[in-house]
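Trainee: give me a model of this one.
(one chain, ligands or ions: 1)
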Amino acid sequence: MNRLRPALCIRGGCSYIRLEGKVAIITGAASGIGEATAKVFVENGAFVVVADIQEELGLKVVASIGGPDHKAIYKKCDVTVEKQVEETVAFAIEKYGTLDIMYSNAGIMGPIESILDMDIWKRFSTVPWQ
Ligand SMILES: NC(=O)c1ccc[n+]([C@@H]2O[C@H](COP(=O)([O-])OP(=O)(O)OC[C@H]3O[C@@H](n4cnc5c(N)ncnc54)[C@H](O)[C@@H]3O)[C@@H](O)[C@H]2O)c1
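Mentor: Have a look, this model is predicted:
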């Protein structure tokens with residue numbers, strides 16, 4: 001591979017499309033960062049499984065980015081349930097024949113606190129020191 005080529009080419013930015021034909025699962029892709037990532041991946045040639053607990057939103061994302069080539073597909077998946085993650089991987093392979101990229105994006109934000117409120121010792125004392 002030519003190391004001088006950019007890692008990811010955004011539409012119109014270059015002619016080399018690194019994600020062409022790659023198959024990706026993006027968890028939490030029904031909104032926010034995951035949705036934006038799914039869009040960029042599809043624009044750059046990837047097939048994307050939009051994996052999320054929010055079915056209605058996930059289907060909307062697929063409709064907006066999938067296009068006639070079916071480059072995106074929705075799969076309901078709660079990442080806290082191992083069996084559903086396994087099923088999602090199997091689904092991707094069944095649908096697209098392989099799996100190249102697993103983007104573990106799904107998550108929820110905890111409470112946002114001011115650094116001034118943070119009890120640093122309490123937090124760090126739960127983390128093993130090396
Ligand atoms: N936005 C930020 O400033 C920020 C900062 C630090 C970390 N993050 C992390 O980045 C990721 C994306 O953030 P975002 O702002 O796009 O959030 P978001 O809330 O817009 O999107 C998160 C998506 O994850 C999905 N989701 C939640 N729990 C899930 C589960 N158990 N299984 C499957 N899907 C699930 C939600 O349905 C949602 O579509 C999250 O993990 C978040 O914690 C975000």
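Trainee: what kind of secondary structure is residue 48 in?
Mentor: Under DSSP: H, G, I helix; E, B strand; the rest coil, residue 48 falls in the strand class.
Trainee: tell me who's in contact with it.
Mentor: If you count contacts by Cβ atoms under 8 Å, 6 or more residues apart in numbering, residue 48 has them with 23-26, 29, 38, 41-42, 65, 71-73. For glycine as for every other residue, the C-beta is placed from the backbone atoms N, C-alpha and C.
Trainee: can you say which of these are buried?
Mentor: Buried members of the contacts of residue 48, counted by 16 or more other Cβ atoms under 10 Å: 23-26, 29, 38, 41-42, 65, 71-73.
Trainee: restricted to helices, list those residues.
Mentor: 38, 41-42, 65 (DSSP state H).
Trainee: what's the most distant pair in those?
Mentor: 41 and 65 (8.8 Å; Cβ to Cβ).
Trainee: now stretch 62-71: mean pLDDT?
Mentor: For stretch 62-71, the mean per-residue pLDDT is 86.
Trainee: pull out the buried positions in that stretch.
Mentor: Quick answer for stretch 62-71 (16+ other Cβ under 10 Å): 62, 65-66, 71.
Trainee: and residue 17, what pLDDT?
Mentor: On pLDDT, residue 17 comes in at 70.
Trainee: is it true that it touches residue 42?
Mentor: No: assessed by Cβ atoms under 8 Å, residue 17 is found out of contact with residue 42, at 11.2 Å.
Trainee: before we move on, the earlier item: Serialize the buried residues of stretch 62-71 to TSV and add fields for distance to the ligand.
Mentor: Shown next, in TSV, are those (distance: Cβ to the nearest ligand atom, whole Å):
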residue	distance to the ligand
62	13
65	14
66	17
71	19
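Trainee: dump those residues to CSV, plus distance to residue 78.
Mentor: Converted to CSV, these look like this (distance: Cβ to Cβ, whole Å):
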residue, distance to residue 78
62, 18
65, 22
66, 22
71, 24
